[in-house]
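Undergrad: Need a 3D model of the following:
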Amino acid sequence: MVASSADLLEALERYWGSRAFRPLQQEIIEAVLARRDAAVVMPTGGGKSLCYQMPALFLDGTALVVSPLIALMRDQVEQLNRRGIRAAALNSSVGWAEQQKIQQELQAGTLKLLYLAPERLLREDTRELLRQARVCYFAIDEAHCISEWGHEFRPEYRQLSGLRELHPQAPILAFTASATQRVRHDILAQLQLRDPAKFIRSFERANLRYLARLAGPEEQWRLLEAALGAHRGSSVIVYAATVVQVEETASKLSKRGFPAVAYHAQMEPARRRAAQEGWMNTDPSVLVGTVAFGMGIDKPDVRAVIHLTLPKSIEQYYQEAGRAGRDGDPSDCLLLWQQRDVGVIAFFLKQITDDQERIRAWRRFNDMRHYAEAAHCRHVVISRHFGERAKSQICQMCDACGAAPDWLAAREERAATVRERSRRPEPPPEPDQQQAAIVRERSPRPERIRQEPTAADEPVFVRLRAWRLEIARREKIAPFMILHDSVLRSIAAVRPDSSESLSQISGIGPAKLAKYGEEVLQVVAGKEAISH
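TA: Okay, the predicted model is just below:
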């Protein structure tokens, strides 16, 4: 189907409640509708899911989405169905009767999107099912998992090269947020993409403040408490290396007055699910987890991500830290590491028996340590790692550029950092090695980051959040699935007094307006919301 720009914008507003695409989204969607293979590198929170969801509305058949985690599938399927787009997932958590229903919908062509794990695609019964279905395209999420050069290599992903055999004419789309130049090339080769359209958004997240500090055990704990104090009441993720450290940290924080919950792979599934769902509903506000937590977590209002140990690679850190600030508001990414982390990671790297993989792992870790010890801009370090030339050598959004908050560094320390930086020669920019065929986007660094609601709007904002929490509990969903904080802030600033004025706010589409509009207006006016 040929869809005009007006058609795409109408669908964007109708189903997603937005009036403008984010950078590159429309171009990617148009490439899919033109039946082209595509490779997309877009940072966490950049809007990748919309790019592989929207085209299904305009094409005959079902879009197959390969996703690595059941939790990720469940969240996206639920949100799509709430928007009026029929979607489903086939995985081990789906009962037999529901699986039969999904298969019937797939055969009938009434299912717009079907989510599958790569392991499911290896089953012959699944492959036979897909051969008989009308598939409009394949979308591979977290595509870096296909590359042995990546930090999250999964052998099952390597088998996805056989997708072309199922439906030779169906386009294949690869999406990732954290892929170096070498990994990107490997993705293209492994998936056998045919003359793909290539899109790379800037790796720079201008709203994230990168902070790193080498600390002893006592100082690390003091700084952790200071960071949580600065973000009290906001959603925070704290990453720890081991199950023991996760449990101890969560327990200690709770005793110190910071509501926290633990999350790790050794927990019973029910307890782990309750921990995640509670945190998604901002009760408690702090989640302490291992790296088992986070992939596919679509929570836009995380205000800080804190690491208590060195990650094994910049790709891992970029992906985990990037779970902060997905709504575009200022957020902190704090790395509090200890010298002993180096010895612990070195011990595990030495256990790798494959010589080439061990060499790759050491290289990734050395790059991570360079970031942690960098004396120059951390945004620049990250951009260069992914093959991008940074626009500026001084970002004003990291501690190396003098942007450390008071709770992390004294004013005298920060001033000394700035003075030292002004004397230090800047590292020369590296050449951009990407081919011209790749469509790029680099958002200009904003001079002023979006501010919190003014004091006059704060009571309205607080009432709106309380109303949203009540609705979320009633509907048993995460609050952000109703309306994001950024939308509530806009409502609090505008203070609409009619459905027409409320409908002009970005994020309030026809479906949201019909379902929640009257209640929102009641809350803004200071009246008790209508209860359905």
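
Undergrad: and residue 308, what is it in contact with?
TA: 220, 224, 238, 239, 240, 241, 245, 249, 336, 337 (CB atoms under 8 Å, 6 or more residues apart in numbering). Any C-beta I mention is one placed from the backbone N, CA and C, and that applies to glycine too.

Undergrad: Quick one: mark the members of those residues that sit in strands.
TA: The members of the contacts of residue 308 that map onto strands under DSSP state E are 238, 239, 336, 337.

Undergrad: any idea which of the residues you listed is closest to residue 375?
TA: residue 337 (15.7 Å; CB to CB).

Undergrad: which ones are touching the closest one?
TA: Here residue 337 is in contact with 212, 213, 214, 215, 307, 308, 309, 310, 372 (CB under 8 Å, 6+ apart).

Undergrad: repeat for residue 327
TA: Taking CB under 8 Å, 6+ apart, one finds 45, 300, 301, 484, 485, 486 in contact with residue 327.

Undergrad: From residue 105, how far off is residue 170?
TA: Distance from residue 170 to residue 105, counting by CB to CB, to the nearest Å: 18 Å.

Undergrad: Between those two, tell me which one has more neighbours.
TA: Between residue 170 and residue 105, counted using other CB atoms under 10 Å, the more crowded position is residue 170 (21 against 17).

Undergrad: Touching, that one and residue 139? I think so.
TA: No. With contacts counted by CB atoms under 8 Å, residue 170 stays clear of residue 139, the gap being 10.4 Å.

Undergrad: Okay, domains of the chain per the record?
TA: 5-201, 211-433, 458-524 (automatic domain parsing).

Undergrad: could I get those domains as a markdown table with mean pLDDT?
TA: Compiled in a markdown table, the domains of the chain are given as follows (pLDDT from 0 to 100):
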| stretch | mean pLDDT |
| --- | --- |
| domain 5-201 | 91 |
| domain 211-433 | 85 |
| domain 458-524 | 86 |
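
Undergrad: which residues of the stretch 301-450 of the chain fall in strands?
TA: 302-307, 331-337, 438-441 (DSSP state E, counting those that start in this stretch).

Undergrad: Looking at those strands, which is nearest to residue 184?
TA: Among the strands of the stretch 301-450 of the chain, the nearest to residue 184 by CB to CB is strand 438-441 (9.1 Å).

Undergrad: related to what we said a few turns ago, would you reformat the contacts of residue 308 as TSV and include distance to residue 347?
TA: Shown next, in TSV, are those (distance: CB to CB, whole Å):
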residue	distance to residue 347
220	20
224	24
238	23
239	19
240	17
241	12
245	16
249	22
336	21
337	16
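
Undergrad: Show me which parts of stretch 189-196 are buried, residue by residue.
TA: Of the residues in stretch 189-196, 190, 191, 193, 196 count as buried by neighbour count, 16 or more other CB atoms under 10 Å.

Undergrad: same deal with stretch 213-229?
TA: Buried, per 16+ other CB under 10 Å, within stretch 213-229: 213, 215, 220, 221, 223, 224, 225, 227, 228.

Undergrad: same question, stretch 115-129
TA: Within stretch 115-129, the residues that count as buried by 16+ other CB under 10 Å are 115, 116, 117, 118, 119, 120, 121, 126, 129.

Undergrad: and the gap between residue 516 and residue 487?
TA: From residue 516 to residue 487 the distance is 10 Å (CB to CB).

Undergrad: Check residue 332 too.
TA: Here the criterion is CB to CB. By it, residue 332 lies 23 Å from residue 487.

Undergrad: how close does the closest residue to residue 45 other than its chain neighbours get to residue 311?
TA: Nearest non-adjacent residue to residue 45, counting by CB to CB, 6 or more residues apart in numbering: residue 326, 3.2 Å away. Computed as CB to CB, the residue 326 to residue 311 distance reads 19 Å.

Undergrad: which one of these two has more residues nearby?
TA: Legend: neighbour count by other CB under 10 Å for residue 326 and residue 311, higher for residue 311 (26 against 23).

Undergrad: Spatially nearest residue to residue 169, not counting backbone neighbours?
TA: Sequence neighbours aside, residue 35 is the residue nearest to residue 169 in space, at 7.9 Å (criterion: CB to CB, 6+ apart).

Undergrad: What are the buried residues along stretch 335-349?
TA: Quick answer for stretch 335-349 (16+ other CB under 10 Å): 335, 336, 337, 338, 341, 345, 349.

Undergrad: Can I get that stretch as PDB, trimmed to CA atoms?
TA: Only the C-alpha atoms of stretch 335-349 are listed here, as PDB (Å, rounded to 0.1, in the frame of the first residue of the first chain):
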ATOM      1  CA  LEU A 335      29.200   4.900  37.500                       C
ATOM      2  CA  LEU A 336      30.500   4.200  41.100                       C
ATOM      3  CA  TRP A 337      33.300   1.700  40.600                       C
ATOM      4  CA  GLN A 338      36.000   0.200  42.900                       C
ATOM      5  CA  GLN A 339      39.500  -0.800  42.000                       C
ATOM      6  CA  ARG A 340      38.700  -4.400  42.900                       C
ATOM      7  CA  ASP A 341      36.300  -4.500  40.000                       C
ATOM      8  CA  VAL A 342      39.200  -4.700  37.600                       C
ATOM      9  CA  GLY A 343      40.600  -7.800  39.300                       C
ATOM     10  CA  VAL A 344      37.200  -9.600  39.400                       C
ATOM     11  CA  ILE A 345      36.500  -9.000  35.700                       C
ATOM     12  CA  ALA A 346      40.100 -10.000  34.800                       C
ATOM     13  CA  PHE A 347      39.600 -13.300  36.600                       C
ATOM     14  CA  PHE A 348      36.400 -14.100  34.600                       C
ATOM     15  CA  LEU A 349      37.900 -13.000  31.300                       C
END
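
Undergrad: show me the contacts for the residue nearest to residue 45.
TA: 44, 45, 298, 299, 300, 301, 302.

Undergrad: Inside helices: which ones of the residues you listed?
TA: Counting by DSSP state H, these place none of their members in helices.

Undergrad: for these, which one is nearest residue 233?
TA: Checking the contacts of residue 326 against residue 233 with CB to CB, the nearest one is residue 301 at 11.1 Å.

Undergrad: so how many other residues sit close to the closest residue to that closest one other than its chain neighbours?
TA: Excluding the flanking residues, the one nearest residue 301 by CB to CB, 6+ apart is residue 485, at 4.7 Å. Residues near residue 485, counting by other CB under 10 Å, number 22.

Undergrad: Over to residue 97?
TA: 8.

Undergrad: do the same with the one 3 residues further on
TA: For residue 100, the count of nearby residues is 10 (other CB under 10 Å).

Undergrad: my hunch is that residue 474 is in a strand, does that hold up?
TA: No. Counting by DSSP: H, G, I helix; E, B strand; the rest coil, residue 474 is not part of a strand but helix.

Undergrad: From residue 75, how far out is it?
TA: Taking CB to CB, one finds residue 474 at 19 Å from residue 75.

Undergrad: Residue 338 is in contact with residue 241, correct?
TA: No. Counting by CB under 8 Å, residue 241 sits too far from residue 338 to count as a contact (10.3 Å).
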